[in-house]
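Peer 1: here is my input, please return the structure:
(one chain, ligands or ions: 2)
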Amino acid sequence: MSKRRKNGLYGEPSPELSALMRSGWADTEQRDLKPLEQAPYAARRRAALSARFPGERLVIPSGNLKIRSNDAHYPFRPCTGYVHLTGDQSRDGALVLEPRPGGGHDAYCYQLPRDARDSDEFWTGDTAELWMGRRHSLAEAERLLGLRCRDVRAAATELAAAATVPTRILRGHDPVLEAAVDTDEERDAELEETLSELRLVKDEWEIRQLRAAVDSTVRGFTDCVRELSRAVATSERWVETTFFRRARLEGNDVGYGSICAAGEHATIMHWTRNDGPVRPGELLLLDAGVETHTLYTADVTRTLPISGAFTPVQRKVYDAVYEAQEAGIAAVKPGAHYRDFHEAAQRHLAERLVEWGFVEGPAGRAYELGLQRRFSIAGTGHMLGLDVHDCAQARNDTYVDAPLEPGMVLTVEPGLYFQADDLTVPEEFRGIGVRIEDDILVTADGNENLSAGLPRRADDVEAWMRDLAG
Ligand code: GLY
Ligand code: MN
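Peer 2: Ligands and ions are numbered 1, 2, ... in the order given. Now for the predicted structure:
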């Protein structure tokens, strides 16, 4: 791709410079690469996908770079479905499952190969390797992924030429490939649903990734508590950047925009501006997750008294949310309905709100009418994995209306949020927001709280903060 700026300092290279640039490069082919650790797991996931769509070609692009402005790009993150089925993270690629005449599929992967050095593009193109970093050769990618690899620059032509095979594509990631295959939107949506559903139960390798994501996240929260006085001296941004440092040092990134919400910002579900003051006496709601190098993310929330001790009214709200979370976590077990943990937590919140006189009782009726939602607008959790809200395209009958199974990982995150301008609650509640969120693995006989390394009970939170303050 040529430069999107008109005002570069250099004009066209001289023939002498072009010739100079093209020669004198060492052979850097990596011939001893071992397959990625996740390659055999990805092969099993492809086999599961193959069984769902006999006789059809499936195209799952990795996605393209997105321009932020001119020749500057947003950081690239490959499409989740592609990562799940290949383990690969490169841009401009596509996995293809090609149906075999006798049944099953042959898988191959389109990849953007290394830049050839026989034209100026390898050093003048704004997404060329000399600007963006080395890519893998097709042979290297084959060794890493355990998949046959082909040059993606031929993909549109090759796929268009073979249009007689019924084809589905994962939409929204590569407009050029979408145009080449010209598929049916509804049938493509079924592919997207299936890809989400294939991720509902995590394999052992994925669970290891999620454990690593959570462990880094626990360290990130600890960093933030250690540096709370610096946040008080500056702003919520100190918390955000402290967590981000841990995420970038130990993983790929944060898995979503960190929510570093002090004071009344804690009542805003997705407060990511993080530009407010951090005041002693108020609460800090920190909702953040490290994304591993393999792109699996944690999603954890703790609500912390900035001065180190809850006020009586903060503790009253905190304890209600803690008890709701306990009820929710207890409902996570194989065979239980997915909605059970949500219902258990929300019933508890409704009871407390009725008890406090904030909504009209009896509690059962308040829950049935959803009245607690005035103070708790979100659901109580979601699946977690490569995406923070993982499996989001799965059909209801496989997700929210289905039983839990061992290997599922989900968040349980009840909260109460009293807006600063809510005249229906006593003044001392206004501006208080509390959420407690943990990442829960469904096991054969119950569940495991992956984020148990962070304290949850009010007393334990205070003791932990005291310890870290030294
Ligand atoms: N932690 C952000 C969310 O679950 O929406
Ligand atoms: Mn969450």
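
Peer 1: so which bits of the stretch 351-470 of the chain are right by ligand 2?
Peer 2: Within the stretch 351-470 of the chain, the residues that sit near ligand 2 (CB under 5 Å from the ion) are T411. Just so you know, the C-beta spots here come from the backbone N, C-alpha and C atoms, and that holds for glycine as well.

Peer 1: where do the strands of the stretch 351-470 of the chain begin and end?
Peer 2: Taking DSSP state E, counting those that start in this stretch as the criterion, the stretch 351-470 of the chain carries its strands at 409-412, 415-417, 433-435, 438-443, 446-449.

Peer 1: could I get those strands as a markdown table with distance to A162 and mean pLDDT?
Peer 2: Below are the strands of the stretch 351-470 of the chain laid out as a markdown table (distance: least, CB to CB, whole Å; pLDDT from 0 to 100):
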| stretch | distance to A162 | mean pLDDT |
| --- | --- | --- |
| strand 409-412 | 38 | 98 |
| strand 415-417 | 51 | 98 |
| strand 433-435 | 50 | 98 |
| strand 438-443 | 42 | 99 |
| strand 446-449 | 47 | 98 |
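
Peer 1: quick check: A330 touching A344?
Peer 2: Yes. The pair A330 / A344 is scored as a contact, 7.0 Å apart, by CB atoms under 8 Å.

Peer 1: between the two, who's got more neighbours?
Peer 2: Legend: neighbour count by other CB atoms under 10 Å for A330 and A344, higher for A344 (22 against 16).

Peer 1: what sits up against the helix or strand harbouring the more buried one?
Peer 2: Using DSSP states H and E, A344 maps to helix 338-355. Residues outside helix 338-355 that contact it (CB atoms under 8 Å, 6 or more residues apart in numbering): 320-321, 323-325, 327-332, 359-364, 366-367, 371-372, 375-376, 379-381, 399-404, 410, 412, 414, 416.

Peer 1: around ligand 1, pick out the residues from this structure.
Peer 2: Applying CB under 6 Å from any ligand atom, one finds that the chain approaches ligand 1 through Y256, D287, D299, V388.

Peer 1: for the second one, name its beta-bridge partners.
Peer 2: Pointing back at D287 there. Beta-bridge pairing for D287 (DSSP bridges): I259, T301.

Peer 1: that one touches G255, doesn't it?
Peer 2: No. Contact criterion CB under 8 Å: D287 and G255 do not qualify, at 10.9 Å.

Peer 1: any residues in contact with both of those two?
Peer 2: With CB under 8 Å, 6+ apart as the test, D287 and G255 both reach D299.

Peer 1: and the helices in the stretch 51-200 of the chain?
Peer 2: With helices called from DSSP state H, counting those that start in this stretch, the stretch 51-200 of the chain shows them at 80-86, 121-124, 129-132, 138-145, 155-161, 175-181, 185-197.

Peer 1: name the nearest residue to whatever residue of the stretch 251-400 of the chain ends up closest to ligand 2, ignoring sequence neighbours.
Peer 2: Closest residue of the stretch 251-400 of the chain to ligand 2, CB to the ion: D299 (4.2 Å). Leaving aside its chain neighbours, D299 sits nearest to G289 (4.4 Å; criterion: CB to CB, 6 or more residues apart in numbering).

Peer 1: before I go, just wanted to say thanks for your time.
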